[in-house]
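Undergrad: take this sequence and fold it.
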Amino acid sequence: MSDSDATTRIVPDVDQSLNAQHLRHRKGPALWPLWLAVIAIIAVLGAAAAGLWFERERLLSELNRVSGEVSNMHARLDADDSDVQETLNLVQAQMSTLFQEQEQLSVALKNAREELFSLIPASEDMVSADAIEALLQQVEQQQERSQLRDGQLAAINASLNALEQSSDSAQERLTEEIEVLVEQSRERKDTLDALEQEWQQRLEALEGDVRQVRQSQLALSAQLEMLR
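TA: Next up, the predicted model:
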């Protein structure tokens with residue numbers, strides 16, 4: 001065995017020694033990117049909850065406006081119109097359903113807000129990914145329900161517009177019918193006046209004939225008395 005071989009086996013390589021030391025003292029993975037992701041998710045959830053709250057207020061304002069229009073339609077429309085009344089009842093039923101769903105949305109938003117605040121860590125504990133996923137699903141469901149209510153409100157507005165047009169058409173038809181009835185009544189009154197005038201003339205002529213007959217009777221009676 002040569003001296004160069006022994007030296008090679010005893011003295012380690014410098015690069016290998018540094019790499020081994022680096023492996024022994026390697027630090028754990030950095031947690032700050034995960035914390036930034038958690039904070040970003042919480043911020044997104046907070047913004048979504050705020051957006052849902054504003055959406056709830058907007059829907060409530062829209063529902064109140066539509067409810068006021070329905071009340072105004074009640075005051076304007078004739079209660080005897082069965083078709084209009086049925087349409088109004090249908091719209092009112094839809095309004096009641098929307099108000100109930102609005103209350104459910106309010107409760108769901110409250111629960112989502114409570115769950116959101118419960119996810120904010122008070123210490124170094126990590127937020128559960130399952131809890132965040134469940135809350136995101138709830139937010140998506142609330143957004144879908146909000147879009148569904150927008151469609152229902154649009155349908156109610158369309159029904160109200162159709163109802164208003166139908167009411168205007170019914171009022172126009174009613175006005176035309178009233179005008180026709182007034183014209184017919186005027187014509188009948190003129191006819192009755194003409195008949196009354198004609199019968200008055202006939203009565204006057206008949207009275208004249210009766211007077212002539214009585215005068216003839218009186219003259220005949222006087223002649224009979226003279227003949228006696």
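
Undergrad: C-alpha from now on. contacts and neighbour counts both.
TA: Noted.

Undergrad: and the longest helix for this protein?
TA: Assignment by DSSP state H gives helix 129-227 as the longest helix of the chain.

Undergrad: packing partners for that helix?
TA: Helix 129-227 sits against helix 32-76, helix 82-119, with contacts defined as 3 or more CA pairs under 8 Å, 6 or more residues apart in numbering; DSSP states H and E.

Undergrad: if I pick residue 155, what's in contact with it?
TA: The contact partners of residue 155, by CA atoms under 8 Å, 6 or more residues apart in numbering, come to none.

Undergrad: how near is it to residue 90?
TA: Residue 155 is 12 Å from residue 90, where distance means CA to CA, to the nearest Å.

Undergrad: so what sits against both of those two?
TA: Between them, residue 155 and residue 90 share no contacting residue, judged by CA under 8 Å, 6+ apart.

Undergrad: care to break this protein down by domain?
TA: Annotated domains of the chain cover 33-170, 178-228 [automatic domain parsing].

Undergrad: taking the mean pLDDT, what do you get for the first one?
TA: The one in question is domain 33-170. Across domain 33-170, the average pLDDT comes to 67.

Undergrad: same question, stretch 192-204
TA: The model assigns stretch 192-204 a mean pLDDT of 78.

Undergrad: in PDB, list the C-alpha atoms belonging to that stretch.
TA: C-alpha atoms of stretch 192-204 as PDB (Å, rounded to 0.1, in the frame of the first residue of the first chain):
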ATOM      1  CA  LEU A 192    -137.800  58.200 -25.600                       C
ATOM      2  CA  ASP A 193    -138.100  62.000 -25.900                       C
ATOM      3  CA  ALA A 194    -139.400  61.500 -29.500                       C
ATOM      4  CA  LEU A 195    -141.900  58.900 -28.400                       C
ATOM      5  CA  GLU A 196    -143.100  61.000 -25.500                       C
ATOM      6  CA  GLN A 197    -143.500  64.000 -27.900                       C
ATOM      7  CA  GLU A 198    -145.400  61.700 -30.400                       C
ATOM      8  CA  TRP A 199    -147.700  60.300 -27.700                       C
ATOM      9  CA  GLN A 200    -148.200  63.800 -26.300                       C
ATOM     10  CA  GLN A 201    -149.400  64.900 -29.700                       C
ATOM     11  CA  ARG A 202    -151.600  61.900 -30.100                       C
ATOM     12  CA  LEU A 203    -153.100  62.500 -26.600                       C
ATOM     13  CA  GLU A 204    -153.800  66.100 -27.600                       C
END
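
Undergrad: in that stretch, what's buried?
TA: Across stretch 192-204, burial judged by 16 or more other CA atoms under 10 Å covers no residue at all.

Undergrad: other residues contacting it?
TA: Where contact means CA under 8 Å, 6+ apart, no residue beyond stretch 192-204 reaches it.

Undergrad: mind running it again at 10 Å?
TA: The contact list for stretch 192-204 (CA atoms under 10 Å, 6 or more residues apart in numbering) reads 186, 187, 188, 189, 190, 191, 205, 206, 207, 208, 209, 210.

Undergrad: nothing else from me, thank you.
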